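Asks: Return a 3D structure for these sequence lines:
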Amino acid sequence: MQTTCSVLRFPVLAVLALLLLTGCDSVGEEGGTIVLRPEVSEDAEGRDIGFRFVSDGFPVGQLRDVSCDCEVDLGPFLQDQGFSKADLVSARLESARLVMLFPIDEQFDFLDQAILKFEADGLSATEVANRSGFPAAREATLNVLPNRDVTAFLTRNDFEVILQINARELVPSEEYEMALVMTFRLEVEGL
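Replies: Numbers count the residues shown, from 1 in each chain. Coordinates of the predicted model:
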């Protein structure tokens, strides 16, 4: 899983001490929580979090689910930082962007709408980001729904992402492929 981190503003000595230990965490008050910001672009097996569909038979002008056929697991990232899923206090999605992979020359303006949802066994599918109106570009940022707690999904081993799309137009007999890149804000129990 590819990950990157950023640091929040806190007392300088506390941040420096923690950076020496982990390289990408920040800490609040003593005994508080630690904030991690992993960027996730691969599933548990190291494949791109991707969405594929063929235009033939795909409805134009209505929302349709496109499954990534993948499971996202932040357990290895947390373990690398010295934590486990049990240490996760809260989690939310901070950013999400789609990257066009195929067709090579396609841009996102073929879409009218997209809705990103998280799903896991025993939990209701939950919308976490969306967008209406797409640019003539190969990358498109989704609008993340603010303060949507996704902790219950990230602590599961069967966490999946679903992309609902409404295509405005599609090239006949074409295979489409998009990748998803997400950044999370995780709070874990302090050291």
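
Asks: Packing partners of the one helix or strand residue 115 maps to?
Replies: Following DSSP states H and E, one finds residue 115 within strand 111-120. Judged by 3 or more Cβ pairs under 8 Å, 6 or more residues apart in numbering; DSSP states H and E, strand 111-120 is in contact with strand 123-132, strand 139-144, helix 151-154, strand 160-167. C-beta coordinates here come from the backbone N, C-alpha and C atoms, glycine included.

Asks: how close does the residue positioned nearest the centre of the chain sit to residue 37?
Replies: When Cα atoms, centre = their mean is applied to the chain, the residue found nearest the centroid is residue 182 (3.0 Å). Per Cβ to Cβ, to the nearest Å, residue 182 is found 11 Å from residue 37.

Asks: related to what we said a few turns ago, looking at the helices and strands packed on strand 111-120, spot the one closest to residue 108.
Replies: Between residue 108 and those, the tightest spacing by Cβ to Cβ is seen for strand 139-144, at 4.4 Å.

Asks: now that closest one: mean pLDDT?
Replies: Averaged across strand 139-144, the pLDDT comes to 98.

Asks: and it with strand 160-167, angle?
Replies: Going by axes from the mean of the first three to the mean of the last three Cα atoms, to 10 degrees, strand 139-144 is angled at 110 degrees with respect to strand 160-167.

Asks: Name the residues that touch strand 139-144?
Replies: Strand 139-144 has contacts (Cβ atoms under 8 Å, 6 or more residues apart in numbering) with 93-100, 108, 111, 114, 116, 128-131, 134.

Asks: Please apply the same query to stretch 82-89.
Replies: Stretch 82-89 is contacted from outside by 21-22, 33-34, 74-75, 78, 151, 154-155, 186-189, 191, using Cβ under 8 Å, 6+ apart.

Asks: my read: residue 100 touches residue 108, true?
Replies: Yes. Residue 100 lies in contact with residue 108 (Cβ atoms under 8 Å); the separation is 6.1 Å.

Asks: can you list residues touching both of the two?
Replies: By Cβ under 8 Å, 6+ apart, the residues touching both residue 100 and residue 108 are 138, 139.

Asks: Export the helices and strands packed on strand 111-120 to CSV and append columns for mean neighbour count.
Replies: Output for those, formatted as CSV (neighbours: other Cβ atoms under 10 Å):
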stretch, mean neighbour count
strand 123-132, 16
strand 139-144, 16
helix 151-154, 19
strand 160-167, 20
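
Asks: now the helices for the protein?
Replies: Ranges of helices in the chain, per DSSP state H, are 12-22, 75-80, 151-154.
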